[in-house]
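Chemist: here is a sequence with its predicted model. Questions after.
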Amino acid sequence: MRVIVDLTRCQGYGQCAFLAPEVFAMRGEEALVYDPDADDAQREHVLRAAAACPVQAIHVEWMAIQRKGMRTAAARPPLGDDAFRKTGRIVIVGASLAGGRAAGVLRREGFTGTLTVIGGEPYEPYDRPPLSKQVLAGRVPADHTLLPHLSEIEAEWLSGAPATGLDVVAKRVTLADGREVPFDRLLIATGARARPWPNEAEATLDGVFALRTMDEAIRLRECLAARPRRVLVIGAGFTGSEVASVCRELDVPVTVVERGPAPLVGALGGVIGAVAADLQRAHGVDLRCEVTVEALEGDADGRFRSARLSDGTTVEADVAIVALGAIRNVEWLEDSGLAAGVWGVACDAGCRAFDINGLVTDDVFVAGDVARFPHPVYGYQFMALEHWGNAVAQAEIAAHNMLSDQMHRWPHLSLPIFWSNQFGTNIKSVGVPTFADEVAIVHGSVAERRFVAVYGNRGRVTAAVTFDQAMWLEHYQHLIEQAAPFPPASHAADRREPVIPVPAEMPDRIEATQVTVVVTGHDPAERRASLVRGDR
Amino acid sequence: MAPPSVFQRILDYSHRADPYPLYAELRKTPVRREEDGTYVVSGYEEIVSLLHDPRVSVGRPQPGEPRDAEKEPPSFLRLDPPEHDRLRRVAMRHFGPPHSPHQVDGLRPELFGIVKDLIDGVAGRTRIDIVDDVAYPFPVTVICRILGVPREDEARFHDWADAVIESLDPSEEGRPERLRRRENAVVELHRYLGGIAAERRRNPGDDLISGLVTDEGPDGAMSPTEVAANGALLLIAGHETTVNLITNGMLTLLRHPELLDRLRHEPDLAIGLVEELLRYEPPVHLRSTRIALEDIMIGDITIPEGAPIVLALAAGSRDPKRVPDPDRFDPDRRPNQHLGFGGGIHYCFGAPLARLEAQIALTELARRLRNPRLVTDPPPYRPSPELRGPRHLLLDIDGVIQPAR
Ligand SMILES: Cc1cc2nc3c(=O)[nH]c(=O)nc-3n(C[C@H](O)[C@H](O)[C@H](O)COP(=O)(O)OP(=O)(O)OC[C@H]3O[C@@H](n4cnc5c(N)ncnc54)[C@H](O)[C@@H]3O)c2cc1C
Ligand code: HEM
Ligand code: SF4
């Protein structure tokens, strides 16, 4: 039976691990791992666990992720073009979390027309977060990650032939096998893929991996199970750090090489990054910061053997994991006339895509990792997130809006929530930490690695990060929503040290340099923007 | 004299059998200031937000509680982080995940056995009392086994537990006497548990108290006074809450006979049924241990620093702004996100145990009692408005069915 836990909601109460200990387990105090495809013999236990979850985050055999404020609105049908809702044609490109979720919501909201979902992988939609956690650790087989019951949504699922082109005017998607699929409305949910190692010859060495797909997870798991001498992780973002954590859990020696001053700096800044560095070292990770990998070296059989680092040292290892972030899957949109580039596909807060002129389109929608959208809470800055919760929430909004007229559309305003499990610690964040100039520890103790850090931007609370203190996150979420003053003046109960804001040490933003926008024409009716692509 | 406020009427014993219309009245002002400066919170969202608010402390001094925290430390129910978290972690090591994940689930066969014996015990009778015959002795036996406290001493701490609970009755009648009884009970209970703790330190068994005194985990063991305070908490919590859940459950089932019938044939029903009971007829109605550490804005009301806060959990769980059709009893409700066990860091420690106990007891009672009928409806209630439940629940039955198994 398929189970999914909305870990953006989970607060680590552990009730599920009490009541169904064969399916749910706490690694450390509040980091939950679970088997998403539990044995049917565990049915009664799983039902008990799901009923007991204090935040109702466990979904069994169906995927009705509830969100505040959506429930009542969803109960009445969205208002819009009735004929379209009955007989229209919707195409979704990308059959993963966002695409699958949108398909479910379209049907739930009463769309009875034709629905076609085009996927690029030979699997039913599956869940990626377990890949770098319980799957890699060998606790759960990779094929247990299929998302609950999405395949039973009445839709045509086309997999194996990815989309290669989009004609917005003729309203057609072209597939790799030459087929053309017409649509009235389109949802782009092609997500992202792992950024490969830049040197192609080195990247193809046996033992060099990236981690984004089920196939990659299966191969990497086999490698780790064979107990390599040492694993090299290149890049200490969330994925790299989680892989390192699994290596330590399996007692496999691991070296992590990170260009920045500490792990997780890109997402959480230098202050919290330093805590993450301590966490890694305390668990026996050989962590090398402010160092880069210059070359991967193989033996005569083409097997990866060692890596040369910028500080002149060499790391001998059998496995190298390239964890350098993600590239958005937008190549198929290159000639579509949409505002698609390395930053993703730009869209409005209602998920409607922009064309390259920055005009909003009517029938093309975007959701998930591939989307780049403005967030009013963050000064209307455009942002692209790689968050599970964002993919789900945005897909729900996109699906709703696809069926609604302008008057009844919803904006995607939910604050981003992210979680990561590593080294037995549950790290959660709400808001956008990179949108901050200062950070302060407001609760708990950094030395114990149980604390709440609050981020501020020009005197307002903009984000919060918890290490094993997820139960407090909601409070800080309210503070962000209210634009409460930073630092939060408070005599909170667990205040062992005075609150002293310090610079958050956010890295400079990396600009999208490969693409340039040029504007031509003088007359307002002729003035147009176009993209100039550089070398990739 | 001013007429009594809604909250004062809720406290009045005459409304014990059905406080729910008054809760609806109360919710018209979800955060409401009483004359004495106490804030009574009855809206669902408002309660949830205060349960997760670090500016709320559970350290509000309680009547009759020992003043000297050095000599008589409070239990973690009455402590804020970090002390709360440390003590709860130490206790959890011997009760649940991550350290002892199989502990509670592993008790299921034993729980069945105890219930079976209790129901066997009423065979041959035509009138039974759900409270005295099953709902009280069952969880008491279980918590004694878990803690490693001799069941023979039960009569003694039954009295102590009662004294503590009765002191929660905020009415003025006989108050000084009740407070004196409470102080004595607490002292004796702590002395009793301190004795057991000392004995287990020399001679540890596999019970929870032995675990607490010998713990070698990262947080270390509890001191003897900590063991006494927290052992007392578990003992009293195990005595005074699950009894109400089982009794309220039986009462509600008898008021909805079609559900009683469904429960006989549909074992899974017990799961949703118990959740709905925790929402609709919860054992814990009010919590009045909290206090604002600084001004807290909630909606357009500011709870001022130092103000006592009462959380009306039972009113929140029936808030129509959150729960559709809240006064309907519906065991198939999904999702069911009630406040029966509180929320946030003080979320009930014993919740998984209480759930299993109630699921098992109600299923077995439904299956085995032949033609059960209420003798009086409503039944007589115990005095406390905080931990609310029937004093007795008399049923007439046509006998007991012997299980085929
Ligand atoms: C290892 C790992 C661990 C993670 N852990 C966490 C975590 O702990 N917490 C968290 O919040 N998030 C986590 N994430 C992020 C989360 O999984 C993503 O945010 C989420 O998968 C995004 O969903 P999506 O549907 O937008 O995109 P994706 O999941 O990337 O799916 C896009 C799909 O589109 C397909 N596609 C691409 N191009 C085409 C095309 N041209 N035609 C047809 N199909 C195409 C792809 O094959 C893919 O199946 C993790 C991700 C990974 C990889
Ligand atoms: C149906 C039965 C029960 C109900 C309805 C119940 C309800 C509650 C509630 C509402 C709280 C929160 C108090 C607050 O926030 O102020 C709580 C806390 C607590 N409960 Fe229960 N309880 C039940 C059974 C039990 C049992 C059987 C035990 C012991 C094994 C137990 C042990 C505790 C403890 C130790 C706390 C304090 C937790 C903390 O402060 O961290 N409870 N309970
Ligand atoms: S919040 Fe729910 S899912 Fe998370 S650990 Fe607790 S019971 Fe499990």
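Modeler: Good, I have the coordinates. Ligands and ions are numbered 1, 2, ... in the order given.

Chemist: for residue B:396, grab the count of nearby residues.
Modeler: Each residue near residue B:396 was counted by other Cβ atoms under 10 Å in any protein chain shown, and the total is 13. Backbone N, C-alpha and C define where each C-beta goes, glycine included.

Chemist: and for the one 3 residues further on?
Modeler: For residue B:399, the neighbour count with other Cβ under 10 Å is 14.

Chemist: what about the residue lying closest to it once chain neighbours are set aside, distance to residue B:294?
Modeler: Counting by Cβ to Cβ, 6 or more residues apart in numbering or on different chains, residue B:370 is the residue found nearest to residue B:399 once chain neighbours are left out, at 4.6 Å. Look at residue B:370 and residue B:294: by Cβ to Cβ, to the nearest Å, they are 59 Å apart.

Chemist: with neighbour numbers in mind, choose between those two.
Modeler: It is residue B:294, of residue B:370 and residue B:294, that has more neighbours when counted by other Cβ under 10 Å, with 14 against 10.

Chemist: in a helix, the more buried one, correct?
Modeler: No. Counting by DSSP: H, G, I helix; E, B strand; the rest coil, one finds residue B:294 to be coil, located in no helix.

Chemist: now it: phi and psi?
Modeler: Comment: the main-chain dihedrals of residue B:294 come out as phi -160, psi 170, following degrees, to the nearest 10.

Chemist: doesn't residue B:302 make contact with it?
Modeler: No. Under the criterion of Cβ atoms under 8 Å, residue B:294 is not in contact with residue B:302, lying 10.2 Å apart.

Chemist: closest residue of chain B to ligand 2?
Modeler: At 2.2 Å from ligand 2, residue B:350 is the closest residue in chain B, using Cβ to the nearest ligand atom.

Chemist: select the helix or strand of chain B having the lowest average pLDDT value.
Modeler: The element with the least model confidence among the helices and strands of chain B, by mean pLDDT, DSSP states H and E, is helix B:154-166, at a mean of 81.

Chemist: ok, now how distant is residue B:380 from chain A?
Modeler: Applying Cβ to the nearest Cβ, to the nearest Å, one obtains 31 Å for the distance of residue B:380 from chain A.

Chemist: per-residue pLDDT, that residue?
Modeler: Per-residue pLDDT puts residue B:380 at 97.

Chemist: what about it, neighbour count?
Modeler: Residue B:380 has 13 neighbours, counted by other Cβ under 10 Å.

Chemist: since we're on the closest residue in space to it that isn't next to it in sequence, how many residues are nearby?
Modeler: Among residues not flanking residue B:380 along the chain, residue B:391 sits closest, at 4.7 Å (Cβ to Cβ, 6+ apart). Other residues near residue B:391 come to 14 when the count uses other Cβ under 10 Å.

Chemist: try the one 10 residues further on
Modeler: Under the neighbour criterion other Cβ under 10 Å, residue B:401 is assigned a count of 13.

Chemist: ok so, going back, correct me, but the residue of chain B closest to ligand 2 touches residue B:234?
Modeler: Yes. Taking Cβ under 8 Å as the definition, residue B:350 is a contact partner of residue B:234 at 7.2 Å.

Chemist: so residue A:439 makes contact with residue A:501?
Modeler: Yes. Judged on Cβ under 8 Å, residue A:439 makes contact with residue A:501 at a distance of 6.8 Å.

Chemist: okay, these two: which has more neighbours?
Modeler: Residue environment comparison for residue A:439 versus residue A:501 gives the larger neighbour count to residue A:439, 27 against 18, counting by other Cβ under 10 Å.

Chemist: which pLDDT value goes with the residue lying closest to the more buried one once chain neighbours are set aside?
Modeler: Counting by Cβ to Cβ, 6+ apart, the nearest residue to residue A:439 once its immediate chain neighbours are dropped is residue A:504, at 4.2 Å. At residue A:504 the predicted local distance difference test score is 86.

Chemist: and residue A:504, how close does it get to residue A:235?
Modeler: When Cβ to Cβ is the yardstick, residue A:504 and residue A:235 sit 21 Å from each other.

Chemist: secondary structure element for residue A:399?
Modeler: Secondary structure assignment for residue A:399, by DSSP states H and E: helix A:388-402.

Chemist: got it, and residue B:377?
Modeler: Secondary-structure assignment from DSSP H and E places residue B:377 in no helical or strand segment.

Chemist: burial measure for residue B:262, as a count.
Modeler: Residue neighbour count, defined by other Cβ under 10 Å, stands at 16 for residue B:262.

Chemist: what sits against it?
Modeler: Taking Cβ atoms under 8 Å, 6 or more residues apart in numbering or on different chains as the criterion, residue B:262 is in contact with residue B:269.
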